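Enquirer: output the structure for:
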Amino acid sequence: MKPDVYAFGSALMDIQVHVEDSFFADIGIEKGNMYLTDRERQDEIIGKLLKNDLSALENPDSHLKTAAGGSAANTVYGISQLGGTTGLCGKVASDRFGDLYIRQMQDSGVLFNEKQVDSGMTGTCIVLISPDAQRTMLTCLGVSSEIAYVDIDEALLKQSRYVYLEGYLFDSDLATQTLMQVVDTARKNKVKLALTASDAFCIERHKDIFSKLIRENTDLLFANATEAKALTDTDSTEEAVKALGSLCRNIAVTNGEHGSILSFNGQTAKIAPTPVTALDTTGAGDAYAAGLLYGITHNYPVEASGNIASFFASRVVSQIGPRYSGNTQAEMKHLKF
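Expert: Numbering: from 1, shown residues only. Below is the predicted model of the structure:
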């Protein structure tokens, strides 16, 4: 099977749970922030959430929900939901979360390298949802940041129409080295490169390498308005789009309730947001990327692909969690793009 998109990113088991405000005081963190944690700290918090009952991880009626996640994983999962073919390279450990990650990926239809390492732990992202609907995230990267080129399924990479990369990978020296090898292989085999900026703080940490990769090798760039302005040192979304358009031939800039802007080969299109009551914006950007990549790899015009992206992102934010639970393909049959 030749994938439409082969992705390379951090394999993180998302663990979502509703908690009372008192829980934040109990574990000594501020609500609404994002934290990077080490293994000992993450194990401690997971133990409190599970009350040391690991069976809750796979109980569909549990207060705690899991999803084989990570930004790139969410995107290829979404493309698969829409009817595309996808692959993912990520690294997990030989532990309960690693086993669960592989099983969920297999169930989703995404081609996933099923390599597990004996040392270390599978990366996890705990999402604590407080009564006011705020999200507090605690991420332990575990072995997810230790991807070497040997972990890549080179045959899938060479056969794909696009390879999709996370900017988050730049936070790991080894993952960065692997990413650049992936870019080299993609270029030699005429595989197009799509890059998501991932996070404005990530851009600040690695701006030079971001700029070089975008300018020299990126065929399609995804960024939200904040990330676009951080990449270009501009003050408005419109200025950022114009500046990015001079660096990369094809760009997609999302701007929440204001919709998105596509600039492909010098032609700009404004995509209206699909009306929705948002319950959880986690994964909205990943879903948008899924919709756009699905569209352009299935011969939809650029503007129609943007409308698919807007539609799919609206479905994801209409529920809790980054994975849409409805039948996307059935819903799309009633829409015109």
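Enquirer: packing partners of the host helix or strand of residue 47?
Expert: Counting by DSSP states H and E, the element that carries residue 47 is helix 39-50. If contacts are counted by 3 or more CB pairs under 8 Å, 6 or more residues apart in numbering; DSSP states H and E, helix 39-50 sits against strand 12-18, helix 22-27, strand 123-129, strand 135-140. Quick note: C-beta positions are derived from backbone N, CA and C, even for glycine.
Enquirer: could you point out which of those sits nearest residue 149?
Expert: In this view, the helices and strands packed on helix 39-50 are compared for proximity to residue 149 by CB to CB, and strand 123-129 is the closest at 19.1 Å.
Enquirer: re the thing from before, need the helices and strands packed on helix 39-50 in TSV (columns: distance to residue 48 and mean neighbour count).
Expert: Compiled in TSV, the helices and strands packed on helix 39-50 are given as follows (distance: least, CB to CB, whole Å; neighbours: other CB atoms under 10 Å):
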stretch	distance to residue 48	mean neighbour count
strand 12-18	10	22
helix 22-27	7	13
strand 123-129	10	23
strand 135-140	12	20
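Enquirer: relative to residue 195, which of these is closest?
Expert: Distances from residue 195 to each of these were compared using CB to CB; the minimum, 18.9 Å, belongs to strand 12-18.
Enquirer: got the contact list for the closest one?
Expert: By CB atoms under 8 Å, 6 or more residues apart in numbering, the surrounding residues in contact with strand 12-18 are 46, 49, 63-70, 73, 97, 100-101, 122-131, 139, 141, 144, 320-322.
Enquirer: okay, strands next: where are they in the stretch 201-337 of the chain?
Expert: Under the criterion DSSP state E, counting those that start in this stretch, the stretch 201-337 of the chain carries strands at the ranges 220-224, 250-254, 260-264, 267-271.
Enquirer: dump these into TSV; add mean pLDDT and mean neighbour count as well.
Expert: Output for the strands of the stretch 201-337 of the chain, formatted as TSV (pLDDT from 0 to 100; neighbours: other CB atoms under 10 Å):
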stretch	mean pLDDT	mean neighbour count
strand 220-224	96	26
strand 250-254	97	26
strand 260-264	96	22
strand 267-271	94	16
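Enquirer: possible to save the helices and strands packed on helix 39-50 as CSV with mean pLDDT?
Expert: Formatted as CSV, the entries for the helices and strands packed on helix 39-50 read as follows, by pLDDT from 0 to 100:
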stretch, mean pLDDT
strand 12-18, 90
helix 22-27, 93
strand 123-129, 92
strand 135-140, 89
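Enquirer: show me the one of those that comes nearest residue 292.
Expert: Using CB to CB as the measure, strand 12-18 is the one of these that comes nearest residue 292, at 22.3 Å.
Enquirer: quick revisit: CA atoms of the helix holding residue 47 as CSV?
Expert: Extracted in CSV, the C-alpha atoms of helix 39-50 (Å, rounded to 0.1, in the frame of the first residue of the first chain):
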residue,chain,number,x,y,z
ARG,A,39,9.3,9.7,34.3
GLU,A,40,9.1,9.6,38.1
ARG,A,41,6.8,12.6,38.3
GLN,A,42,4.6,11.3,35.4
ASP,A,43,4.3,7.9,37.0
GLU,A,44,3.3,9.5,40.3
ILE,A,45,0.5,11.5,38.7
ILE,A,46,-0.8,8.6,36.6
GLY,A,47,-0.8,6.5,39.7
LYS,A,48,-3.0,9.1,41.5
LEU,A,49,-5.4,9.3,38.5
LEU,A,50,-5.7,5.5,38.2
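Enquirer: and after that helix, which helix or strand comes next?
Expert: Along the chain past helix 39-50, the next helix or strand (assigned with DSSP H and E) turns out to be strand 64-69.
Enquirer: could you list the low-pLDDT ranges of the protein?
Expert: Low-confidence regions of the chain, defined by pLDDT under 70, span residues 52-62.
Enquirer: which stretches of it form helices?
Expert: Shown for the chain, the helices assigned by DSSP state H span residues 22-27, 39-50, 71-82, 96-108, 154-159, 173-188, 200-205, 207-217, 225-232, 237-245, 284-297, 302-317, 328-332.
Enquirer: please name the residues that touch the residue nearest the centre of the chain.
Expert: In the chain, the C-alpha nearest the mean C-alpha coordinate belongs to residue 71, at 1.6 Å (CA atoms, centre = their mean). Neighbouring residues of residue 71 by CB under 8 Å, 6+ apart: 9-10, 166, 168, 196, 198, 285-286.
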